[in-house]
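In: got a sequence here, can you build the structure:
(chains A and B)
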2 protein chains.
Amino acid sequence: MILRLLALLAALLFASPAFAQAPAPPPGPVATIASPGNILSVELHLDPDGRPAYSVRRFGTEILSPSRLGFLLLNAPKLERGFQLASQATSTFDQTWEQPWGERRFVRNHYHELRARFTERAGLQRSFDVTFRVYDDGIGFRYEFPDQPNLRNVEITEELTEFALTQPATAWWIPAFEWNREEYLYNRTNLREVGTAQTPMTIRTEGGLHIAFHEAALIDYSGMNLTNMGNGRFRAALTPGTDGAKVRRAAPFPTPWRTLQISDNAAGLAMSNLILNLNEPNRLGDVSWVRPMKYVGVWWEMHLDRKTWASGPRHGATTENVRRHIDFAARHGFGGVLVEGWNVGWDGEWFGNGQDFSFTQPYPDFDLEGLARYGRSRGVQLIGHHETSGNAAHYESQMEDAFALYQRLGVGAVKTGYVADAGQNKVRAGDGSLLYVWHEGQAMNQHHMRVIEAAARHRISINAHEPTKDTGLRRTYPNMIAREGARGMEYSAWGNPGNPPEHEPNLVFTRMLAGPMDYTPGIFGMQTCAPGGVQTTWAKQLALYVVIYSPIQMAADLLVNYEANPRPFQFIVDVPVDWQESLVLNGEIGDYVTIARKDRASENWYIGSVTDEEGRLLQAPLSFLTPGRRYRAQIYRDGPTANYRGRPEDIVIEERIVTSRDTLTLRLAPGGGQAIRLVAMR
Amino acid sequence: MILRLLALLAALLFASPAFAQAPAPPPGPVATIASPGNILSVELHLDPDGRPAYSVRRFGTEILSPSRLGFLLLNAPKLERGFQLASQATSTFDQTWEQPWGERRFVRNHYHELRARFTERAGLQRSFDVTFRVYDDGIGFRYEFPDQPNLRNVEITEELTEFALTQPATAWWIPAFEWNREEYLYNRTNLREVGTAQTPMTIRTEGGLHIAFHEAALIDYSGMNLTNMGNGRFRAALTPGTDGAKVRRAAPFPTPWRTLQISDNAAGLAMSNLILNLNEPNRLGDVSWVRPMKYVGVWWEMHLDRKTWASGPRHGATTENVRRHIDFAARHGFGGVLVEGWNVGWDGEWFGNGQDFSFTQPYPDFDLEGLARYGRSRGVQLIGHHETSGNAAHYESQMEDAFALYQRLGVGAVKTGYVADAGQNKVRAGDGSLLYVWHEGQAMNQHHMRVIEAAARHRISINAHEPTKDTGLRRTYPNMIAREGARGMEYSAWGNPGNPPEHEPNLVFTRMLAGPMDYTPGIFGMQTCAPGGVQTTWAKQLALYVVIYSPIQMAADLLVNYEANPRPFQFIVDVPVDWQESLVLNGEIGDYVTIARKDRASENWYIGSVTDEEGRLLQAPLSFLTPGRRYRAQIYRDGPTANYRGRPEDIVIEERIVTSRDTLTLRLAPGGGQAIRLVAMR
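Out: Numbering: from 1, shown residues only, chains lettered A, B, ... in the order given. Presented below is the predicted three-dimensional model:
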């Protein structure tokens, strides 16, 4: 009795497992893998209830504490606890591959991999695999559902993946599941104040670490957002699907990669190749027909409300207007002319009525065949335009014909559009009825894949607006040439508010980590319908051609503004869109950034530097130039009175000779920038 | 009556000047000046009461709102309001000057100057001048009291100078007027939470601007601290004097320069030459006798409590021990041997009893003459030591004899010491009595000037510990070769807490902005009396020789630790202390920093990189190397298990060939670093 009393007392005092049957303290990691340079490491854990988790260390310091892995399923018990580690294997990979086009030609893919299989200890004894690829500058991991008798059709209602940050941080993020798609201004808040965020979401910890959360190879799955669970813990929030399951797949299949790009500075994030490296190599074979280019178009004049997409007296896509654009493009060496509003369907209330669009029938005042022919004779392509207003089902019913038509006419690139409120895309259900779905759900991701494959069959590249997020699929499908997927220049035409000066330095370290963006820079006419107009200087507009990477880059302004300003326009004429190498020289998220890129077709380099509402004095060492070689630096810089609020058009254009030993001092006005062309001399 | 009622009503409603005789709204600036590149500008203002103020803009954006200028006086009415602008003049200056020794050989001094005279509109009609020197990367301004009948003897009780910041910010700072002198760990707080801070105080605004507040040319005046007045407003808090006045001077005289170093990034602060440029040129003529050098010494063994300063069985400064140090120095090419505890006075309670020290009489077991002679025969100087325990009066009574003795013995440098609590230095009053004074008050600043001038007469350089703050006087007096003035390495021997890993990356962007520091790095014996011991890796200890600039640099550890570790020690043997050029490659305050310096005597370069408690992966482009030339990079880096907490001694030493085209990736362990010697090849 006394003994039992003592035991009870001890149990009360110490609550130790021996007495109280509490779970054993969590054991050490069940598996571990470190990056090639031993910078990052990942540990896998199982808690006493058999819940799988992973944690991440950098230089031995935990930056993600044990974070859950698992799923809730619609058609089966959850995959969340009761697991054991059935097997594990590690491997090393180091390969350099070549991009057909891109921000750099050669990409090194060097990682250590850990593949682990978790199997339920009892009951259904189902399994899933987790594969971690650990780089020195980031981590990717994905689940793989093996072929197994007790889990053939997987119906995922929630992915339980978590990211449990250990440090306070500042976050740059845009909200998920609001009415708009991806076209928000970025919030800069304490990490605590994040709600549910789209990815990429980028943070800077108090210790100075920069981390971007995103995903790679989003194929036949639902897009991942991040929900704040409090205390630095974030959980995957998959985009809803067409019914109770957010993802329906037949095993075996892998999920997309969940990615963390990790760097001591912001520049390191923007230099990362993680997203591309985690995608599969090119599946299309010869893609020499994918042609990076600059283009002009019938577009900005509609956003300024001077022309209309619809037919009528102010119709933009007329034969005469497009011919003028072709002439201009030919004269200045642009490869394409985008024509919006060329096809039947724009005249009624097109928003929400994508079924009214024809993708093959031009308006009568637009001579599609003749203009295509005329363009070809002058070396200029028409760039196609397929606005769907989100009716993917209707688009799919015509797209084969539409691509065939464009192929016949020599159109090599099509800008698609999904202008619909978030959650208001339309796809067809198995029974033929229409379902309303999100832009980034599984159904739309399947749709985009069908589009890209159909386009590839017709040697057409796709530049999707209001798209699904970029997850690096351009590596596998190099005709996925660019997209929008963020607040573009048109908000500077009519947005309220317009895009403030910090928008572009925000984009570089958030949205642009995902891939190329068709931001459509090059505006000289700064007075628009947006309050404050275009909130940059001219020099910053030029710098955007280097800073915001896209292989298909618009000179978006009215032609008259270029004709009236041939000297600053010359930079837009000169700047290439395909690069041998890209270097981020400096930058802070939302503050400023300076990028140098080397032309793929010559020995010339280009520098772009942009700032937010603060003026900056930055150093750009030219060490990337070939030693001993001289370069003519053609400098487009903010003039002494330049200011995005005051005189945005004050630009100084000057030339000097430089070598790799020089360091340029860049003086950026508030809302300003600087663009430099470095021409290698004989 | 009705009219008068209406007027009263209007006055109540609108409180407009016409009715209420309120002061007129403040007029625009009365004078203005912009920096050479139009980056920074200063405006002078007078409010309706004639209060002078200045404001600062950067790229047109106000970064200091109108901030007061003026004084309270002990012997006269305050100089604070009722002023008019009597005159103003502007000028331009652009000159490159050469440092006899330093972190770079050539320094460009390029500024625009505005000199304004404010004169009281009535009454005494006294005047003061304000001179602003505006650089692209900073601002200095000072007051000048002209010769005038109504203000001959100026007795300043408060300097009203203010700095009214417009943006929220983070501040790195140490407190003023506490018991210690300058030997604090840095606080990193919101700007709002600063109390009264010593300078340099460094801030980073929410907009990403980096600003360091300090002063230059502190001569015959009281040191300035900064008091938080709330809402981003700081006011000069002069160090108290010996009576009610903090400064007593006869007109004409200038105050020290109040300085703001301003940069878009932390590196820019550490590259600034502002403090030096605001000092007067060399007044000593030929200073070829000022000799930068490395030294070893009888010092660390006392801090480890293995030896004593006092005489007795564990006396450190014995003939035999010093002879061993001379042999070691000669063998490894060190220029000097510091000997502390060599002179009579250490045996009692010396703290607070500086009057007991003799500065000429050695202890019997220390053969001063013989050792000096032996050192000379081996090419090694003794480095003198004058601990005063803050009794400046007593030191002054002997220093002439003491310097003469050292000069005769070939001692070229003396480490002075003022170990006393803050406010407990002793100087002599006019009536011969002793007064207790602060380390940075006017009396001690006068004392340090007398010391430096006396030393110069004997061709001796001064390395002052527990000094007054560095304000760039080394330009005028190049024998002011280094000083302490911050928490040095000895806190890693016995401090509780010791110096944490963030201490050095804090120092670089705060204390080091003032000038060279005798930090005494090079410790390999990491177990000390401080909890956690020396909180760096070995590689970081080596990197400190490049990162913490001093022309006189100690290899501070016990000789046995060097003899046992000749391979890492080799970097200390090789690294120079006098530089042709210095470049800050990257850095964040308190986080990490990488600095490259070129040897003044060869074509070799050296890189040092250090981090705080976080590991880092940093890029170091070698663009500063001569193009086309090959360099042997001798790399001392953290080994795979290195960690300041775990295995600090894990160091990898390796060699590779590099050119200016290479970019080194620096992997720094937590609390780690990397040191690199780049030897130019034939």
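In: all contacts plus neighbour counts: C-alpha atoms, from now on.
Out: Fine.
In: just list the residues touching the residue of the stretch 151-300 of chain A found nearest chain B, thanks.
Out: Using Cα to the nearest Cα, the single residue of the stretch 151-300 of chain A nearest to chain B is A:Asp264, 6.2 Å away. Residues in contact with A:Asp264 (Cα atoms under 8 Å, 6 or more residues apart in numbering or on different chains) are A:Gly208, A:Leu209, A:His210, B:Arg616, B:Leu617, B:Leu618.
In: any idea how far the closest residue to the first one other than its chain neighbours lies from B:Pro500?
Out: By the measure of Cα to Cα, 6 or more residues apart in numbering or on different chains, the closest residue to A:Gly208 outside its immediate chain neighbours is A:Asp264, 6.4 Å from it. The spacing between A:Asp264 and B:Pro500, counted by Cα to Cα, to the nearest Å, is 20 Å.
In: centre-most residue in chain A?
Out: Nearest residue to the geometric centre of chain A (Cα atoms, centre = their mean): A:Ala514, 2.8 Å.
In: surely that one and A:Gly472 touch.
Out: Yes: counting by Cα atoms under 8 Å, A:Gly472 is a contact partner of A:Ala514 at 6.6 Å.
In: find residues that contact each of those two.
Out: A:Ile275.
In: could you say which helix or strand contains A:Ser91?
Out: Take DSSP states H and E as the rule and A:Ser91 turns out to sit in strand A:83-98.
In: and the very next helix or strand once past that strand, which strands flank it?
Out: Next helix or strand after strand A:83-98 toward the C-terminus (DSSP H and E): strand A:106-120. In the sheet, strand A:106-120 lines up against strand A:83-98 (antiparallel), strand A:127-135 (antiparallel) (DSSP bridges).
In: spell out which residues of the stretch 1-150 of chain A are next to chain B.
Out: Contact residues (Cα under 8 Å from any Cα of the partner chain) of the stretch 1-150 of chain A with chain B: A:Asn38, A:Ile39, A:Arg58, A:Phe59, A:Thr61.
In: could you report the pLDDT at the third one?
Out: On pLDDT, A:Arg58 comes in at 97.
In: may I have the beta-bridge partners of it?
Out: Here A:Arg58, judged by DSSP bridges, has bridge partners A:Leu40, A:Thr61.
In: now the residue in the stretch 351-500 of chain A positioned nearest to chain B: phi and psi?
Out: Residue of the stretch 351-500 of chain A nearest chain B, by Cα to the nearest Cα: A:Pro500 (14.2 Å). Dihedral pair for A:Pro500: phi -70, psi 170, per degrees, to the nearest 10.
In: could you give the number of residues near it?
Out: For A:Pro500, the neighbour count with other Cα atoms under 10 Å in any protein chain shown is 19.
In: equivalent analysis for A:Met444, please.
Out: By other Cα under 10 Å, the burial measure for A:Met444, its neighbour count, is 26.
In: quick one: buried residues of the stretch of helix or strand it belongs to?
Out: In the assignment (DSSP H and E), A:Met444 maps to helix A:442-457. Neighbour counts using 16 or more other Cα atoms under 10 Å in any protein chain shown place A:442-449, A:451-456 of helix A:442-457 among the buried residues.
In: ok, now stretch A:661-677?
Out: Going by neighbour count (16+ other Cα under 10 Å), the buried part of stretch A:661-677 is A:661, A:663, A:666-677.
In: ok and the residue in chain A nearest chain B?
Out: For chain A, Cα to the nearest Cα, closest residue to chain B: A:Ser623, 4.5 Å.
In: do I have it right that that residue meets B:Thr626?
Out: No: counting by Cα under 8 Å, A:Ser623 does not reach B:Thr626; the two are 10.6 Å apart.
In: look at those two and report which has more neighbours.
Out: Ranked by neighbour count (other Cα under 10 Å), A:Ser623 and B:Thr626 place A:Ser623 first, with 22 against 18.
In: I appreciate the help and will end here.
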